[in-house]
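A.B. asks: no FASTA, just this:
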């Protein structure tokens, strides 16, 4: 029966052609993972942060605990259109799958909404670019290196309204932007500001008038000392949240903050909230390091253990959990729930 | 037990969610049904089947996520059994007309199961049944148009694969258009070329094809002996006659008589005649034995020694023919869709009634290995080897019907030949070389013996006269011979392995008895191979090309190419080189034509600009822009400048402006304006 031979030849030729296509389809593909947007949950700091502060964030889309985010999975075909292509891998503990019938030379992307993830770095692990011929006979797999695609920052909220031992704070000078000698920062121009204080370069960059602010004398300098070995990840999360809240309160009022834990490398003393949040996002997984430079500092300890050395120089303290501590330092005990 | 059940159970197949994939499955079924409609002339069940399948597909798609209900499954099972009853009843009793019962059963099966296409495996099942339907249609397809249907079915299969794969990936049904088109095009072309260029292996058939139209008429009375149809002038509409009279000959047209799908080109032998009296051939032995429609090998003579295997022929009758099974001999097994068969004393099979148009039968024949060396070595026939003589030798060896003149001629021609084979070949080649073949022959004059008239008077004749003359002359030499009739191969299509046998292919040749080999066909008609035994093309290189030669007479071109040995690769190499050159030329042409055509005025203006530069005695330097050139020329003194009344700067500025507008803005000037500028330059 010649027609059966014709059909057989066609099927055989299709298989050969599909094999060649699959071999061709494997080349020139690369994968890129980017956090494209966030979906702030109720009570997320992202809703309360000033726009200017968000604009200064080192990462385009800061993600906080509890926030969902959109992961953009982009495929690039450097040698012309390819397809079908699909990529599979893990983001955190969640498996993500994207597929494209065709990846044009200009590239292809899909945003996958991911649920809230735990504080800390988000790793993209085990990602593989899969290719095949259109018929699905032959497949190719190319692994891609693991990478960190996001850093989930600790949630925080201003604790200024709930601190009981306010009397302690009352004795401290309130740091405020003024007209001292040290440059405090910049802010938008307000009527009445001296024209000499206009920072022209920044104004040009922002498209609006921006003036310099000088730091008044006696600015607050806060050292937040954390328990170096929190017993559970949940406790570590809570410690990080409290520390972030303390740092936020201090920085909001113009102070400088350094966060550290004994035996771990401290954060950079800074008025930049983001660097503190980044340090806290990775807490307690930091490399070993020294202690921060001592100065005229208020020291706040946040701990879940009864470490007397830790509390020795503290001005005040937060205790997470039910651990019994014997100290004269004023402290507040909190559980694991958030907000406090 | 549970483990056995688990082992037997196929892995779960996923639900097929691709609506496009299901569409391709349905389209594949429609293509197969269309093939049945076009080639099987079967209409009612196919149309009903397509409508039911369309509804079934919609129902299946909507309910694909639902659990299969017991009653629904029971109803579908009952319908399947109903279809089974239909095919059995129609096949054995022709209750519903007996038209393509197998195909109709497959169509009904697809239509019924279309209501239960849930998983991907179900879709595959539907496709494979469609393929079976297509196969049944292919049995009746004898033209190249069927390749279109086959191609469409393959595209449906490909479409299902692509749609299903993309759905499984959850990807949109898209792809890089050019590469995918290239892949599909290459596959279709590559498959087609492979089909055309690579011989199809014949394999070893185990039995004849049984896909045929049944006919339930039984034999009535004794064996008739209808002769070669169409040759004789008879009153029988099928052309049947019981004798061949060489005094007359009918006219043979070009109308097709039958299609033969065959693994090897051959002579389709029908009746055999042994007695020649007064210019007419008749068959003397009217004995027969009755057989079932399927004649297995055990009822037939044993395989010829050293045969080269077997091959299948499927015959489709196109016009009423005598009830004679024409086939390549010797036959290994046979199936004809009739109530019974009769085998006459000469090994020819007869059907109860004349063969009617549309009837199909199939035969498996041996491929004898008959070479000159083997035949030359055959035992001599003499009194010491009586067992070497054929039965009924008194008839086959009867020299009385040949004239003394013809007998003398036979002695004269074969005087130098020592073996029986050499004598046969000497006579055959003598007739082929010294006599002319013609169909325009006047009737044999009254009182003349047709053989003597042919041999000594007109020296022209047609196949029956050549064959008769040789048969009688061989008998005069003591070599048993008889007249075989039937059809020549016909218009052999090497690609489809089929032959269209026409009226004018009706033929007669000689069967010569060789001890140890039996009856060997020999053809003294000019222009064909003397040893008319069926041959496969020698090997694939030679054979592949030989199969491309239309009107392939038995063995000759194939043997010619096969004899080239290794050199047989030269013709295909030349063909491939030719294809490569043509493809290169086509690609080059494509590149040329892809260039943008110059716009009107563009080439004229650029030529004018070149001319102007020549007149100004300094050509524009390659890095120089037209405007820089213009400014540079404003400071340059050329003897030609003074010839322009409006001053050289004006004309050059105008041309430069036009060139700039054309080159950078795409606004080339009107050709008339260019002509005006040209006139001003000259």
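C.D. replies: Perfect, thanks for sending it. Nothing here was measured: the structure is a model prediction, and the numbers come from that model.
A.B. asks: which SS state does residue A:106 fall under?
C.D. replies: Secondary structure state of residue A:106, per DSSP: H, G, I helix; E, B strand; the rest coil, is coil.
A.B. asks: so what's it up against?
C.D. replies: Listed by CB atoms under 8 Å, 6 or more residues apart in numbering or on different chains, residue A:106 has no contact partners. All C-beta atoms are positioned from the backbone trio N, CA, C, and that covers glycine.
A.B. asks: repeat for residue B:531
C.D. replies: Residue B:531 sits in contact with B:370, B:372, B:375, B:425, B:520, B:521, B:522, B:555, where contact means CB under 8 Å, 6+ apart.
A.B. asks: did I read that right, the fourth one in a helix?
C.D. replies: It stands for residue B:425. Yes: counting by three-state DSSP, residue B:425 is found in a helix.
A.B. asks: Next, count neighbours for it.
C.D. replies: 19 (other CB atoms under 10 Å in any protein chain shown).
A.B. asks: Not counting residues beside it along the chain, what's closest to it?
C.D. replies: Setting aside the residues directly before and after it, residue B:425 is nearest to residue B:530 in space (CB to CB, 6 or more residues apart in numbering or on different chains), at 6.0 Å.
A.B. asks: pretty sure the one you found contacts residue B:512?
C.D. replies: No: the pair residue B:530 / residue B:512 is not scored as a contact, 10.8 Å apart, by CB atoms under 8 Å.
A.B. asks: Comparing these two, which residue is more hemmed in?
C.D. replies: Each of residue B:530 and residue B:512 has its neighbours counted (other CB under 10 Å); residue B:512 has more, 27 against 18.
A.B. asks: any idea how far residue B:308 is from the more buried one?
C.D. replies: 20 Å (CB to CB, to the nearest Å).
A.B. asks: What of residue A:29?
C.D. replies: Remark: distance between residue A:29 and residue B:308 (CB to CB) = 54 Å.
A.B. asks: which one of the two has more residues nearby?
C.D. replies: residue A:29 (22 against 15).
A.B. asks: how distant is the strand or helix carrying residue B:192 from the center of its chain?
C.D. replies: Element membership for residue B:192 (DSSP states H and E) is helix B:177-197. In this view, helix B:177-197 has its centroid 21 Å away from the chain centroid, taken as CA atoms, centre = their mean, to the nearest Å.
A.B. asks: quick one: it near chain A?
C.D. replies: Yes: with CB under 8 Å from any CB of the partner chain as the criterion, chain A is reached by helix B:177-197 at B:179-180, B:183-184, B:186-192, B:194-195.
A.B. asks: Filter those residues down to the buried ones.
C.D. replies: Buried by 16 or more other CB atoms under 10 Å in any protein chain shown: B:179, B:180, B:183, B:184, B:186, B:187, B:188, B:190, B:191, B:192, B:194, B:195, out of the residues of helix B:177-197 next to chain A.
A.B. asks: for chain B, what are the nearby residues on the stretch 51-200 of chain A?
C.D. replies: Within the stretch 51-200 of chain A, the positions near chain B by CB under 8 Å from any CB are A:80-84, A:86, A:97, A:99-102, A:132-137.
A.B. asks: Buried only: go through those for me.
C.D. replies: Buried members of those, counted by 16+ other CB under 10 Å: A:81-84, A:86, A:99-102, A:132-137.
A.B. asks: So which of these are in strands?
C.D. replies: Judged by DSSP state E, strands contain the following of these: A:86, A:99, A:100, A:132.
A.B. asks: can I assume the second one is in contact with residue A:86?
C.D. replies: In other words, residue A:99. Yes: applying CB under 8 Å, one finds residue A:99 in contact with residue A:86, separated by 3.6 Å.
A.B. asks: intersection of neighbour lists for those two?
C.D. replies: In contact with both residue A:99 and residue A:86: B:169, B:171, using CB under 8 Å, 6+ apart.
A.B. asks: Residue A:140 versus residue A:23, what's the distance?
C.D. replies: Computed as CB to CB, the residue A:23 to residue A:140 distance reads 8 Å.
A.B. asks: neighbour count winner among those two?
C.D. replies: Using other CB under 10 Å, the more surrounded residue of residue A:23 and residue A:140 is residue A:140, with 18 against 13.
A.B. asks: looking at this, that one is in a strand?
C.D. replies: Yes: applying three-state DSSP, one finds residue A:140 inside a strand.
A.B. asks: And it, what's its pLDDT?
C.D. replies: pLDDT recorded at residue A:140 is 92.
A.B. asks: and residue B:660, how many neighbours?
C.D. replies: Neighbours around residue B:660, by other CB under 10 Å: 15.
A.B. asks: List the contacts of residue B:412.
C.D. replies: Contacts of residue B:412 (CB under 8 Å, 6+ apart): none.
A.B. asks: Apply 10 Å and report the result again.
C.D. replies: Residue B:412 makes contact with residue B:430 under the criterion CB atoms under 10 Å, 6 or more residues apart in numbering or on different chains.
A.B. asks: Tell me the secondary structure of it, please.
C.D. replies: For residue B:412, the assignment made with three-state DSSP gives helix.
A.B. asks: do the same with residue B:301
C.D. replies: coil.
A.B. asks: and what of residue B:630?
C.D. replies: Applying three-state DSSP: residue B:630 is helix.
A.B. asks: gap between the closest residue to it other than its chain neighbours and residue A:65?
C.D. replies: In this structure, residue B:630 finds its nearest non-sequential neighbour in residue B:656, 4.4 Å apart by CB to CB, 6+ apart. Remark: distance between residue B:656 and residue A:65 (CB to CB) = 70 Å.
A.B. asks: could you say what helices and strands the host helix or strand of residue B:113 packs with?
C.D. replies: Using DSSP H and E, residue B:113 sits in helix B:101-113. When contacts are defined as 3 or more CB pairs under 10 Å, 6 or more residues apart in numbering or on different chains; DSSP states H and E, helix B:101-113 sits against helix B:19-40, helix B:44-62, helix B:70-93, helix B:120-139.
A.B. asks: Which one, of these, ends up nearest to chain A?
C.D. replies: In terms of CB to the nearest CB, the element of the helices and strands packed on helix B:101-113 nearest to chain A is helix B:120-139, at 3.9 Å.
A.B. asks: helices and strands around the closest one, which ones?
C.D. replies: Right, helix B:120-139 is packed against helix A:2-25, helix B:19-40, helix B:44-62, helix B:101-113, helix B:145-169 by 3+ CB pairs under 10 Å, 6+ apart.
A.B. asks: For residue A:201, find the nearest of those.
C.D. replies: helix A:2-25 (50.2 Å; CB to CB).
A.B. asks: quick check, the closest one touching chain B?
C.D. replies: Yes: counting by CB under 10 Å from any CB of the partner chain, chain B has neighbours in helix A:2-25: A:2-22, A:24-25.
A.B. asks: Which members of the residues you listed are classed as buried?
C.D. replies: Counted by 16+ other CB under 10 Å, the residues of helix A:2-25 next to chain B give A:2-3, A:5-7, A:9-10, A:13-14, A:16-18, A:20-22, A:24-25 as buried.
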